[in-house]
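K.L.:
Below: sequence and its predicted model.
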Amino acid sequence: MIDILMDKILTIGLEHFLILSGTLFFIGLFAVLAKKNVIAVLMGIEIMFSAVNINLVAFNRYTAAGTALTGHVFAIFVIALAAAEVAVGLALIISIYRQRTSTDVQDYDWLKW
Amino acid sequence: MFAFALNHAWLIPFFPALAFAVITLFTKKMIKFSAAISIVAIVLSLIMSLIIGIGVIGQGDNFLEHPVKAVVTWFSMPGLSIEIGTLIDNVSVMMLLVVTLITTLVQIYSLGYMHGDPGFARFFAYVSLFAASMLGLVIAPNLLIMFVFWELVGLCSYLLIGFWYGKISASAAAKKAFITCRAGDFGLLLGIILLQINFGTLDLQQLSAMIPNFTQYTGLTAAGLTAIAIILFLGPMAKSGQFPFHVWLPDAMEGPTPVSALIHAATMVVAGVYLVGRILTLFITLPSALLFVAIIGAFTALFAATIAITQTEMKKILAYSTISQLGYMMLALGAASLTASMFHLMTHAFFKALLFLGAGCVLHAMHNEASIWKYGGLKKYMPVTYWTFLIACLAIAGIFPFAGFFSKDLILEVTFAASSFSGHAHGPFQAVYSVLFIMAVLTAFLTAFYMFRMFFICFHGELRSKEVEPHEAPKVMTVPLIILGIFTVISGWVGWPGLGEGKAFGYFVRMGEFHPVEANWFLIILSTLLALGGIALAALFYWKQTYSAQAVAEKFPILYKISYHKYYIDEFYLWIIHQIIDKCGWLLWKFDIYVVDGIVNGFGKMAQWGGAVMRKVQTGQLQHYALVFLLGIMLMFVLLSFTGVHSPALGMIGGAR
C-alpha cells in the first residue's frame, strides 16, 4: 500500500498534471462565477486559459506518438488567443464603465426581464 | 322532330332559364320586352312539350317500356356517380304539358294583373326562373338532380311570395315558407343520402329496379328501409303542405295572385306528390310506409277542409282547399295508385289555377279588399269571372261531367279498393284504409260546402262594400280564365270509365298493369249525393239564408274558434320556438361563452402565466448565465455518457463502460 502511494508521490505521471490543471480550471471558474469585480472575472478567465494550456502540454508529453508536438503548438496558439481576448475584454469593460461608472458585475443587468 | 325533342328535352327548362338570365342581366328596364321574352320562352317550352306529348300518345305502350334517358356524367368517384340530363317517361310528359300550359296562361294573365307594378320585369324574371326549375325537376333523371331543382323551386317560391318585399307580412311569409320547406328537406336529403349509401345509386330507373329485391342488394331490413322511406317522405310532406308542415301555404297567399295560382296551386306544391310518385316502388315495397303516406294524406285532407269552412279571405280558403286536395293526392299514392294521384294532380292544376286566377280578377276589381264579407253580387259586374269560377267550383266539388268528378271518384275508388269495404283488398291494413276512406268521403262533402260557401257569398246577393265599384277584368286576364275553364271541363274525360288502351289516362300514366276504369256506381252515387248535399247546405246558409251561419257559430263557439284559428297550430309552433328552441339557444350560448371560450382563453392564460413565471430566470446577471452554461454542459455530459454502446463522452472524462 505505502509503496504504491510513495510511487505515486515520487513518480510524476499524467494524472498529476491533470489534477493540477483541473484544480486551476475550477479556481478560475470560481473567480468567473463568484467575484464582484469585473476585472477579477477577467483574471479568472485567464487562469482557466492557463489550466487548459497545462492540460494540452501534459497530454502531448505523455500520450503523443513519436515526435509529434501538436499539443505544444496548440498551447502557443491558446496563449496568443488569450492575449487577444484580454485586449478585447478590457476594451469592452472600459466602454461599459463609461456608461455605468461601476465595476460591479451585478450592475450590468440590461438583459433583466 | 319527335326524336329531336326527346333527345334534347333539356331545352325545355333551358328556355325559361335563359329568359331569366336575359331579363335579370339586360332588360330589367324594358318591361314590355322582358315580359315578351319570358312569354316567348315558355311558349317555346310548351311547343316542345306538345311535340313530345303528341309523339308519346302515338307510341302507346312502347314508351312506357322504354322511357328516354339522355344524360351526361356530371362527376363520378368510386361509389358515387352523378349524371345530369333528362328522363322522359309518361308521367314526366304529363307533368311537362301541365306545367308549361299553366305557366303560359299565368304569365299572360300577369300581363294584366301586374300592370303598373314597379317590379314588373322582376316578376317575369322570377316566374321564368320558377318555370325552369319546375321543368327541370319534372324531367330529372336521378334524385340528386331532382333535389337541386327542388331547392330551386323553393327559392323561387321565397322570391315570389316575398315579391313585395317592403311589406313585412310578405317577407315574413316568404321566410316561413322557405324555412318550413327546409325543415322537410332535412328529411329528404337524409333519405337520399341513405338511399345512396345503401343502394349505391340515385338513378330513378335503377332504384325502381333494385328496390323490390332490396334484401339482395343491401343489408337492410324491411324496418330499416321503411324508416328511410318515412324520413325521405318528410320532404314531400313539407313541400306539398301535408300536416304538420302545412303552415306555410296559407301565409304564402301574401304573394301576388298569379304566383299563388302558379306555384301554390298547380305546380310547386305538387312537386312533393310528384317525387313520391317517382319513387313509388319504394313505398309499394313497404306497406307500412305506404300506409303512412295514406294516413298523412287523408288526415291532411280532412284537417284542411275543417279549417276552410270558417275562413273569411278568398285566397286563404283556396289555400286550405289546395292543402286538402294535396292530401287527396297523397292518399291516392298511399293506396298504391299512381294513376289516380297523377290524374287528380292534372285536373286539380287546371281548376285550382282557374280558381286562383278568378280570385285575382275579384281582388283586382275590389282593389285588394280581401275579406269575402265585403264582396257580394259580383255576378252582374264580372260575368266571365262568374261563369268560369262556377265551372271550377263544380269541378272541385266533383260534379259530373267536370274534371274533378272523374279524378276524385278515381281516388275514392282506389281507397275503397284498398279498404275492407271492398271484397278483394289484400294487405295487412285494410281496416285502416276503411277509416281513411270515410275521411276522404267526409272531406268531399266539406269541400263542396266550403267552396260553394265562398261562391255564394262572393258572387250572389248584394254588394256589401260601399266604397268600390267592381268591373270586369281586361281581356288579357279573362282569356286565360276561359281557356282554363275549357280544360277544366274536358280534362276529366280522359278518365272516363271503360276507355281502353291508347285513350285512357290510366293507360299512359300507370305503374304495372293497365286496368281500365270501372264505374263503381255505389261510389259515383255516394260522391255525387255528398257533393250536391254540400252545395245545397251552402246554398241554404249563404244564398237563400234560410239558416243563419252566425247562429250556428254561436251555438258551437269552441268548434268555431278552433276552426277559425286554424287549430292554433301557428301559435303552438311559435310557443315551441320561443320556449324551447330559443331557450335551448340561450343555454348553448352560455355554454359557448363560458365553457368553449373558457377552454380557448384558458390556453392563452396558461401561456401567459407560464411566461410570467419563466421570465424571472432572465436576471441579467452575467455570472448566473455562466453558471447555467456550466451546469448545462455537465448535464449533457452525464446524459451522453450513459447513452449509446460506446460512449465518447464517457471516454472524455476518463471512464469506460
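P.N.:
That came through, no problem. Here the structure is a predicted model, which means the values were calculated and not measured.
K.L.:
Could I get the average pLDDT for stretch B:505-515?
P.N.:
For stretch B:505-515, the mean pLDDT works out to 76.
K.L.:
Next, the residues that contact it from outside, please.
P.N.:
Contact with stretch B:505-515 is made by B:56-57, B:60, B:64, B:90-91, B:93-94, B:280-281, B:284, B:338-339, B:342-343, B:346, B:494-495, B:499-501, B:504, B:516-517, as judged by C-beta atoms under 8 Å, 6 or more residues apart in numbering or on different chains. Where you see a C-beta, it was placed from the backbone N, CA and C, and this is true even at glycine.
K.L.:
Mind giving me the PyMOL select for these, buried ones only?
P.N.:
In PyMOL syntax, the buried subset of the contacts of stretch B:505-515 is picked out as below (16 or more other C-beta atoms under 10 Å in any protein chain shown):
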select buried, chain B and resi 56+64+90+91+93+94+280+281+284+338+339+342+343+346+494+495+499+504+517
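K.L.:
The contacts of stretch B:505-515 in helices, which ones?
P.N.:
Among the contacts of stretch B:505-515, the members found in helices (DSSP state H) are B:56-57, B:64, B:90-91, B:93-94, B:280-281, B:284, B:338-339, B:342-343, B:346.
K.L.:
Pull out the CA atoms of stretch B:538-553 and give them to me as PDB.
P.N.:
Written as PDB, here are the backbone C-alpha positions of stretch B:538-553 (Å, rounded to 0.1, in the frame of the first residue of the first chain):
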ATOM      1  CA  ALA B 538    -124.100  26.100 -48.500                       C
ATOM      2  CA  ALA B 539    -127.000  27.500 -50.600                       C
ATOM      3  CA  LEU B 540    -129.300  27.200 -47.600                       C
ATOM      4  CA  PHE B 541    -126.900  29.100 -45.400                       C
ATOM      5  CA  TYR B 542    -125.400  31.600 -47.700                       C
ATOM      6  CA  TRP B 543    -127.600  32.100 -50.600                       C
ATOM      7  CA  LYS B 544    -131.200  31.700 -49.500                       C
ATOM      8  CA  GLN B 545    -130.100  32.500 -45.900                       C
ATOM      9  CA  THR B 546    -132.700  30.100 -44.600                       C
ATOM     10  CA  TYR B 547    -130.400  29.200 -41.700                       C
ATOM     11  CA  SER B 548    -128.000  31.600 -40.100                       C
ATOM     12  CA  ALA B 549    -124.400  30.800 -40.200                       C
ATOM     13  CA  GLN B 550    -123.900  33.200 -37.300                       C
ATOM     14  CA  ALA B 551    -126.300  31.300 -35.100                       C
ATOM     15  CA  VAL B 552    -124.500  28.000 -35.800                       C
ATOM     16  CA  ALA B 553    -121.200  29.600 -35.000                       C
END
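K.L.:
how about that stretch: buried residues?
P.N.:
Buried-residue list, stretch B:538-553, by 16+ other C-beta under 10 Å: B:A538, B:A539, B:F541, B:Y542, B:W543, B:A549.
K.L.:
pLDDT-wise, what's the bottom of the ones in helices among the contacts of stretch B:505-515?
P.N.:
Scoring the ones in helices among the contacts of stretch B:505-515 by pLDDT puts B:L64 last, at 74.
K.L.:
pull the longest helix from the chain.
P.N.:
I'll assume chain A. helix A:70-100.
K.L.:
looking at chain B here, not the other one
P.N.:
helix B:168-199.
K.L.:
centre of the chain versus the lowest-mean-pLDDT helix or strand in chain A, how much separation?
P.N.:
Within chain A, no helix or strand scores below helix A:2-10, which has a mean of 85 by mean pLDDT, DSSP states H and E. How far helix A:2-10 lies from its chain's middle: 29 Å, per C-alpha atoms, centre = their mean, to the nearest Å.
K.L.:
And the helix or strand following that helix, what does it pack against?
P.N.:
With elements assigned by DSSP states H and E, the helix or strand that comes after helix A:2-10 is helix A:14-34. Helix A:14-34 is packed against helix A:38-63, helix B:622-641, with contacts defined by 3 or more C-beta pairs under 8 Å, 6 or more residues apart in numbering or on different chains; DSSP states H and E.
K.L.:
Is it correct that B:S563 is in contact with B:T310?
P.N.:
Yes: counting by C-beta atoms under 8 Å, B:S563 touches B:T310, with 4.4 Å between them.
K.L.:
between these two, who's got more neighbours?
P.N.:
Using other C-beta atoms under 10 Å in any protein chain shown as the criterion, B:S563 and B:T310 rank with B:T310 on top: 20 against 17.
K.L.:
any idea which residue sits dead centre in the chain?
P.N.:
Since you didn't name a chain, this refers to chain A. The residue lying closest to the centre of chain A (C-alpha atoms, centre = their mean) is A:M48, at 1.1 Å.
K.L.:
not what I meant, chain B
P.N.:
B:K239 (2.4 Å).
K.L.:
In contact with that one, which residues?
P.N.:
With C-beta under 8 Å, 6+ apart, B:K239 has these contacts: B:W150, B:G154, B:C181, B:G184, B:M268, B:V269, B:A271, B:G272, B:L275.
K.L.:
Same check on B:M366?
P.N.:
Contacts for B:M366 (C-beta under 8 Å, 6+ apart) come out as B:K374, B:Y375, B:S465, B:V468, B:P470.
K.L.:
which among these gets closest to B:V600?
P.N.:
Nearest to B:V600, judged by C-beta to C-beta, of the contacts of B:M366 is B:K374 at 61.2 Å.
K.L.:
Skipping its backbone neighbours, what lies nearest that closest one in space?
P.N.:
Nearest residue to B:K374, sequence neighbours excluded (C-beta to C-beta, 6 or more residues apart in numbering or on different chains): B:S465, at 4.0 Å.
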